[in-house]
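# need a structure here:
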Amino acid sequence: MTPPPEEEFDALFRQWYRPLLAQAIFVSGGRRTLADDAVQEAFLQCWQRWNAPHLEPVRAWPAWLRTTVVREVLRLQKEAGSVGFDMQTHDRAAAEVDLASWMDARGAYRTVLKRIVSLSDKQREVMGRCAIAGQPLGDAAKEMHIEVATARVHLHRARQALEVVRRQLQELGVIHAGEGRQ
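Reported below is the predicted structural model:
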């Protein structure tokens, strides 16, 4: 007997919420609220798609969610305009343990965020599109309105800057083993 769709969706949410939030925090440059909004919007779209039998079924929900989260982060950033990274509020203690607090407790959060903040917006965007969402470099360049060669340079520089924290990114669920290598 297969579980009802609500239980399957709940299981997907429980399994992927934290890794997607970590990825969204990366793509947004540490903007936790924006990342949280993007993940919630992605799961809302997932639920709508889940319950739309007239649409082609999604074969791999994790990949679909990663792509949707990255697109939502980029959309929300464009709507908000250029919002600077706020070092004063990015890891304040909250009333409950959240992902940012959990990562900070592991000792890697601050190190990883410093590296993420050091990336330019274009480097962070192309890294999010290609390394996290799995978008082909050519498609990412086209959507970013830049040349493929320029996107390749941004991706290379982002990977170089993040190589020293690759292990922490893997532990935090932002990238998987084998990803993030040059």
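# For Val112, give its distance to Leu119.
Taking Cβ to Cβ, to the nearest Å as the measure, Val112 falls 11 Å from Leu119. (Glycine included, C-beta is placed from N, CA and C.)
# the more surrounded of the two?
In this view Val112 and Leu119 are compared by other Cβ atoms under 10 Å, and Val112 has more residues nearby, 25 against 20.
# burial measure for Asp10, as a count.
12.
# what does the one 5 residues further on give?
Around Gln15 sit 12 other residues, with neighbours defined as other Cβ under 10 Å.
# Secondary structure element holding it?
helix 5-28 (DSSP states H and E).
# CA atoms of that helix as CSV?
This file holds the C-alpha atoms of helix 5-28, laid out as CSV (Å, rounded to 0.1, in the frame of the first residue of the first chain):
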residue,chain,number,x,y,z
PRO,A,5,0.3,12.0,-1.2
GLU,A,6,0.4,14.2,2.0
GLU,A,7,2.6,11.8,3.8
GLU,A,8,4.9,11.5,0.8
PHE,A,9,5.1,15.3,0.5
ASP,A,10,5.8,15.6,4.3
ALA,A,11,8.6,13.1,4.0
LEU,A,12,10.1,15.0,1.1
PHE,A,13,9.9,18.2,3.1
ARG,A,14,11.5,16.7,6.2
GLN,A,15,14.3,15.3,4.1
TRP,A,16,15.1,18.3,1.9
TYR,A,17,14.2,21.4,3.9
ARG,A,18,17.5,21.9,5.7
PRO,A,19,19.8,21.1,2.7
LEU,A,20,17.8,23.4,0.5
LEU,A,21,17.9,26.1,3.1
ALA,A,22,21.7,25.7,3.4
GLN,A,23,21.9,26.0,-0.4
ALA,A,24,19.6,29.0,-0.5
ILE,A,25,21.7,30.7,2.3
PHE,A,26,24.8,30.1,0.1
VAL,A,27,23.2,31.5,-3.1
SER,A,28,21.8,34.6,-1.2
